[in-house]
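> here is the input, now give the coordinates:
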Amino acid sequence: MPLETFEGDIVVIDHVKEVGEACDYLSSRNALGFDTETKPAFKRGQVHKVALIQLSTEKECFLFRLNKIGYPRELEAIMCDPGIKKIGLSLRDDFAAIRKRSVRKLENFIDLQDFVDQFGIEDKSLQKIYAVLFGRKISKNQRVSNWEAEMLTPAQQSYAAIDAWACLRIYNYLTGKSS
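Model prediction:
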């Protein structure tokens, strides 16, 4: 099966001054792909805060480096906006990670693991759902990389973008919206 690539623009937000413009753009969208990444813990009892929030349109993915910028109120506003659908997968862990940064209620999230049931899709992993619908493979090679690194590698950026973008692409395909 051919490997999927994200051909859109990847915008890394690692300075607070970049947040406003990115969030203004994203808040104008009706639906966004969503995912988070957290530095893996390899020692018992070691826990890290979410380091990255990915929000994607069909053509751009914004990577918000929370380990560098915190959790800016403009980004929090999008996450809590009931007028913007955020499409993700296996959201419980993402929500728990975000709750460590904010107690505000996250609004209008669609978990693809529940959503795909109505389409008769039984395999619930992002890779399997994507492969069934599009005949392409999503690589998970970067999953356990250091998301708090000084700079994200091109491979990390691509992995993070694909995860959020693929969620939106699946949702748009299944609901008949443009992709």
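> C-alpha only now, for contacts and for neighbours.
Fine.
> farthest from the middle of this protein: give me that residue.
Each residue of the chain has a distance to the centre, and by CA atoms, centre = their mean the biggest one is for Arg44: 26.4 Å.
> so Ile87 bridges to which residues?
Gly33, Ile110 (DSSP bridges).
> wait, it sits on Phe34?
Yes: at 5.5 Å, Ile87 and Phe34 qualify as touching, with contact defined as CA atoms under 8 Å.
> shared neighbours, the two?
Counting by CA atoms under 8 Å, 6 or more residues apart in numbering, the shared contacts of Ile87 and Phe34 are 167-168.
> which of those two has more residues huddled nearby?
Neighbour comparison, Ile87 and Phe34: the larger count goes to Phe34, with 31 against 28 (by other CA atoms under 10 Å).
> for the more buried one, what are its contacts?
53-56, 86-88, 163-165, 167-168 are the contacts of Phe34 under CA under 8 Å, 6+ apart.
> among these, who's most crowded?
Of the contacts of Phe34, Ser56 is surrounded by the most neighbours, 33 neighbours in total, counting by other CA under 10 Å.
> the closest residue to that one other than its chain neighbours and Asn146, how far apart?
If the residues on either side of it in the chain are set aside, Ser56 comes closest to Gly33, at 4.7 Å by CA to CA, 6 or more residues apart in numbering. Counting by CA to CA, to the nearest Å, the separation of Gly33 from Asn146 is 22 Å.
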